[in-house]
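Engineer: any chance you can model this:
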Amino acid sequence: MNHFLDIHTTDPAELRGIIDSAAAMKAARAGRPRGALDEAQPLRDHMVALIFEKPSTRTRVSFDVGVRQMGGQTMVLSGTDMQLGHGETIADTARVLSRYVDLIMIRTFEEATLLEMAEHATVPVINGLTNRTHPCQIMADVMTFEEHSGPIKGRRVVWSGDGNNVFASFAHAARQFDFDLVFTGPPPLDPEPALEGMYSIERDPAKAVQGADLVVTDTWVSMHDPQSARERRHNQLRGYQVNADLMAQAKPDALFMHCLPAHRDDEATSEVMDGPHSVIFDEAENRLHAQKAIMRWCLQR
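Structural biologist: Numbers count the residues shown, from 1 in each chain. Predicted coordinates for the structure are as follows:
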């Protein structure tokens, strides 16, 4: 049984196969109506549970649409629907859901919730996001980069901002896909110590992006942060905004990514987000294709 829990726990050859499968499925849909079923319906007669303890736009819609395009059906469950880990243990919830569905995707807060779900489920479990990692997003990012710029192996990727859960999955990907990752951000927001050795640090953002093939950022504040934390983070990160001057220091054909949602003109200017380097909407679309490939890999379909 194939769980997709994190990039660093998945074999590099398997990750490459998922990316190639995603690209092939995207190409097969070219010119077809968005709502059309895939010609091959690998999830026909399959039911997928989509669990959201955290709110979502792209994850919810992309997984739901992906399952439907592949001929399957979804059951969308919120944290309030389930009271996950409160009224019933996570282990028992996993055991029960496994009797009803063929696949579980969970977007949750604590990594421990994901791991306990996977430990006790008898169907594959996919990490839709935790406070620690966001592997589905980075699979879409690798796919997007390679669509525009060719193989990511050996390239220079620069992350500007907070060393958060999305960065953590980029660090895992740097090792598995063999590219160079540079973190530029203030010391209080450095990535977790467990990621040391997977990236380098350059505090000066202008120096960090020199020679970059890809510049990436993410929102400076979480939807759950109190106002005091929001103000502190803005003060810490203002010098790491991705703007036209910063992108000018990267390679002329460098790409810009942001996983969205964005606070425009905070972590990145609208000039960059809507400019020639930006592939943010290709990146958002590719969540659909990458996650379809992940689900097929999990179910060996």
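Engineer: ok, now how distant is the residue nearest the centre of the chain from residue 287?
Structural biologist: Nearest to the mean C-alpha position of the chain, by Cα atoms, centre = their mean, lies residue 137 at 1.5 Å. Going from residue 137 to residue 287 by Cβ to Cβ, to the nearest Å gives 7 Å. All C-beta atoms are positioned from the backbone trio N, CA, C, and that covers glycine.
Engineer: contacts made by stretch 103-117 with the rest, please.
Structural biologist: 5, 46-54, 56, 59, 63, 79, 84-85, 90-91, 93-94, 97-98, 121, 123-133, 295, 298-299 (Cβ atoms under 8 Å, 6 or more residues apart in numbering).
Engineer: what distance do you get for the closest residue to residue 239 other than its chain neighbours to residue 28?
Structural biologist: Closest residue to residue 239 in three dimensions, ignoring its sequence neighbours and counting by Cβ to Cβ, 6 or more residues apart in numbering: residue 205, at 6.9 Å. Distance of residue 205 to residue 28, given as Cβ to Cβ: 40 Å.
Engineer: same question, residue 199
Structural biologist: 35 Å.
Engineer: do residue 168 as well
Structural biologist: Plainly put, residue 168 is 32 Å away from residue 28 if you go by Cβ to Cβ.
Engineer: swap in residue 158?
Structural biologist: On the measure of Cβ to Cβ, residue 158 and residue 28 end up 33 Å apart.
Engineer: for residue 7, same thing?
Structural biologist: 25 Å.
Engineer: who has more neighbours out of those two?
Structural biologist: residue 7 (26 against 12; other Cβ atoms under 10 Å).
Engineer: got the contact list for the closest residue to the more buried one other than its chain neighbours?
Structural biologist: Using Cβ to Cβ, 6+ apart and skipping the chain neighbours, the partner closest in space to residue 7 is residue 172 (4.0 Å). For residue 172, the contacting residues are 6-8, 133, 135, 138, 195, 198, by Cβ under 8 Å, 6+ apart.
Engineer: out of those residues, grab the one that's most surrounded.
Structural biologist: Within these, residue 135 tops the neighbour count with 29 neighbours, counted by other Cβ under 10 Å.
Engineer: where does pLDDT dip in this protein?
Structural biologist: Where the chain drops to pLDDT under 70, the residues are 85, 223-225.
Engineer: give the other helices and strands that the lengthiest helix in it contacts.
Structural biologist: Counting by DSSP state H, the longest helix found in the chain is helix 280-299. For helix 280-299, the packing partners by 3 or more Cβ pairs under 8 Å, 6 or more residues apart in numbering; DSSP states H and E come out as helix 12-28, helix 58-69, strand 103-107, strand 125-129, helix 135-149, strand 255-258.
Engineer: contact partners of the helix or strand just after the shortest one?
Structural biologist: I take that to be strand 255-258. Once strand 255-258 ends, the next helix or strand along the chain (criterion: DSSP states H and E) is helix 270-273. Outside helix 270-273, the residues that touch it by Cβ under 8 Å, 6+ apart are 242-244, 247, 256, 258, 262, 264, 278, 280.
Engineer: and if you look at stretch 281-295?
Structural biologist: Contacts of stretch 281-295 (Cβ under 8 Å, 6+ apart): 4, 18-19, 21-23, 25-26, 43, 48, 58-59, 62-63, 65-67, 69-70, 103, 126, 136-137, 139-141, 143-144, 147-148, 257-260, 301.
Engineer: ok, now with 6 Å
Structural biologist: Around stretch 281-295, the neighbours that count as contacts under Cβ atoms under 6 Å, 6 or more residues apart in numbering are 4, 18, 21-22, 25-26, 58, 62-63, 66, 136, 139-140, 143-144, 257, 260.
Engineer: now that stretch: buried residues?
Structural biologist: By 16 or more other Cβ atoms under 10 Å, the buried positions in stretch 281-295 come out as 282-295.
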